[in-house]
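*Asks:* Sequence isn't available, so here's the structure alone:
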């Protein structure tokens with residue numbers, strides 16, 4: 001399979017590197033477009049994603065992929081979801097302590113990927129069950145990965161090696177859904193995911 005390129009707009013190098021590895025497994029090279037896209041405030045992550053991917057396409061004027069991720073905490077009736085950024089700005093690294101105080105550490109990691117080809121917007125998402133760690137991990141830099149333990153595991157995502165994480169993470173699962181989505185689109189031919 002020949003390597004084809006797709007723009008991925010994000011200011012988060014950590015997420016870009018992980019998605020790059022995952023898409024490369026399908027013969028797609030992600031080209032990083034380093035831009036911080038202003039996010040609207042909404043609980044509904046699909047609305048935020050749609051707005052982000054439209055803005056990214058307007059900036060680049062070419063097919064582009066964006067992501068948006070957040071946490072749904074059982075103790076907070078599935079908040080913060082789309083308000084994740086504001087939630088973290090206020091609580092910083094106190095999320096583990098909060099979940100323990102509320103006596104409910106259950107959570108889901110939610111991740112969306114959106115693609116715009118200039119004509120239509122397409123998106124996929126995945127919700128990964130797990131729990132909030134008792135204590136913030138000192139490893140890693142991405143805040144969600146430092147507190148989230150996927151179901152069936154005993155350490156946070158940030159404490160796993162790249163190869164371990166790439167086999168089980170929510171980003172792997174949403175990437176697989178995105179590949180199927182892209183394969184079904186006309187642009188899938190340009191990406192080499194199917195024949196014309």
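*Replies:* Nice, I can see it. Computed from a predicted model, the values in this text were never measured in an experiment.
*Asks:* Surely residue 116 and residue 54 touch.
*Replies:* Yes. Judged on C-beta atoms under 8 Å, residue 116 makes contact with residue 54 at a distance of 6.5 Å. In short, each C-beta sits where N, CA and C put it, glycine included.
*Asks:* between those two, who's got more neighbours?
*Replies:* In this comparison of residue 116 against residue 54, neighbours counted by other C-beta atoms under 10 Å, the higher total goes to residue 116 at 24 against 16.
*Asks:* give the contact list for residue 129.
*Replies:* Neighbour list for residue 129: 106, 107, 108, 150, 151 [criterion: C-beta atoms under 8 Å, 6 or more residues apart in numbering].
*Asks:* Which ones among the residues you listed map onto helices?
*Replies:* The subset of the contacts of residue 129 located in helices under the criterion DSSP state H is empty.
*Asks:* elements contacting the lowest-mean-pLDDT helix or strand in the chain?
*Replies:* Here the helix or strand of the chain ranked lowest by mean pLDDT, DSSP states H and E is helix 84-91, holding a mean of 86. For helix 84-91, the elements it packs on are strand 64-73, strand 79-80, judged by 3 or more C-beta pairs under 8 Å, 6 or more residues apart in numbering; DSSP states H and E.
*Asks:* quick check: angle from it to strand 64-73?
*Replies:* 50 degrees (axes from the mean of the first three to the mean of the last three C-alpha atoms, to 10 degrees).
*Asks:* Could you pull up the residues touching residue 174?
*Replies:* By C-beta under 8 Å, 6+ apart, the residues touching residue 174 are 67, 111, 112, 113, 124, 125, 126.
*Asks:* Tell me the buried residues within those.
*Replies:* Of all the contacts of residue 174 considered here, the ones buried according to neighbour count by 16 or more other C-beta atoms under 10 Å are 67, 111, 112, 113, 124, 125, 126.
*Asks:* List the ones among those residues that fall in strands.
*Replies:* With DSSP state E as the criterion, strands contain 67, 111, 112, 113, 124, 125, 126 from among the buried ones among the contacts of residue 174.
*Asks:* which ones are touching residue 86?
*Replies:* Residue 86 is in contact with 41, 80, counting by C-beta under 8 Å, 6+ apart.
*Asks:* Since that was my last question, I'll sign off now.
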